[in-house]
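Student: The following block contains a protein sequence and its predicted model.
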Amino acid sequence: QYTDYIFPMYNIRFIALGDNVDSAMQTGGMDMMPIMNVFNEWHAANTSKKIRAVIESNAKAGKYRTTYAPYGYVKGRDEKKLPVIDEPAASNVRRMFEMRASGISPHHIADKLNEDGVPIPSDYYYVKLGKPNPRRTRHMWSPETVRQILHNYTYLGHLVQLRTRTVSYKNHKVIKNDEDDMIVVKNTHEAIVSQELWDRVREIEQSVSQGKRNSSGYVA
């Protein structure tokens, strides 16, 4: 598409040193380009397949492959890089679970954390590094952030990996995997919340209707 139509239309010279291609010289590489493109396409697809297989194998072996540990943990220094409890943040995680288990909504939990001046996860992370937070953020807890924490199995001491995947090696759109396609390895690290507390939160979420929020506060 580019070499046959777009580049000639705009008088663009295309050079690929490794394949001996020069559109201005009409070298032999130009005649081989369709074949080389097919081979490169196959190579990219095969490499992607191998990388996915390695990632899946590491996940099944309980190797922690995320860049950052969830709020309340830091990545360990062992071979598997398993999460290690970061107590100052972990105490806030327990507090959120306990508040939710008592019936307090994520909206009110976020408001309470903001009122108490608790740094949001990204602010806390960069404060520990001694750097300003480079991310564009309001520096305020949101109900969505609270919900993400309350639904993260990592706090039970389990690793849940392959939560997402890309459509293909060509299309990098990230989509969420079904629960059956995720890989769960249980009891890999120290839990921040107990199974009992986790279950109480699940019961609250199933039995209590969520209030709506407007400019003046909350309505049933």
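Tutor: Right, received. Where do you want to start? As the structure is a prediction and not an experimental result, all values here were calculated from the model.

Student: Which residue, neighbours along the chain excluded, lies closest to Glu190?
Tutor: With Cβ to Cβ, 6 or more residues apart in numbering as the criterion, Glu190 has its nearest non-adjacent residue at 5.5 Å, and that residue is Ile85. Quick note: C-beta positions are derived from backbone N, CA and C, even for glycine.

Student: tell me the contacts of the one you found?
Tutor: By Cβ atoms under 8 Å, 6 or more residues apart in numbering, the contact set of Ile85 is 72-73, 190, 192.

Student: Over to Leu162?
Tutor: With Cβ under 8 Å, 6+ apart, Leu162 has these contacts: 55-56, 59, 177, 181-183.

Student: since we're on Asp180, how many residues are nearby?
Tutor: 5 (other Cβ atoms under 10 Å).

Student: Could you tell me which helix of this protein is the longest one?
Tutor: If you go by DSSP state H, the chain has its longest helix at helix 28-60.

Student: how far does that helix sit from the chain's center?
Tutor: Its chain's C-alpha centre and that of helix 28-60 lie 25 Å apart, by Cα atoms, centre = their mean, to the nearest Å.

Student: Mind checking the pLDDT average for it?
Tutor: Averaging pLDDT along helix 28-60 yields 81.

Student: Same check on stretch 138-154?
Tutor: Rounded mean pLDDT across stretch 138-154 is 95.

Student: Now for the residue nearest to Thr3 when sequence neighbours are not counted: which residues touch it?
Tutor: In this structure, Thr3 finds its nearest non-sequential neighbour in Phe14, 5.6 Å apart by Cβ to Cβ, 6+ apart. Counting by Cβ under 8 Å, 6+ apart, Phe14 touches 2-3, 7, 21-23.

Student: And the pLDDT for Phe14?
Tutor: Note on Phe14: pLDDT of 89.

Student: Poorly predicted segments of this protein, please.
Tutor: For the chain, applying pLDDT under 70 flags the ranges 26-30, 208-220.

Student: can you pull out the strands in it?
Tutor: Here the chain has its strands, by DSSP state E, at 15-16, 21-22, 73-75, 83-85, 159-161, 164-166, 174-176, 183-185, 212-214, 217-219.

Student: which helices and strands sit right next to the first one?
Tutor: The one in question is strand 15-16. Contact here means 3 or more Cβ pairs under 8 Å, 6 or more residues apart in numbering; DSSP states H and E; on that basis strand 15-16 packs against no helix or strand.

Student: Could you list the paired strands of that strand along with their orientation?
Tutor: Within its sheet, and counting by DSSP bridges, strand 15-16 is paired with strand 21-22 (antiparallel).
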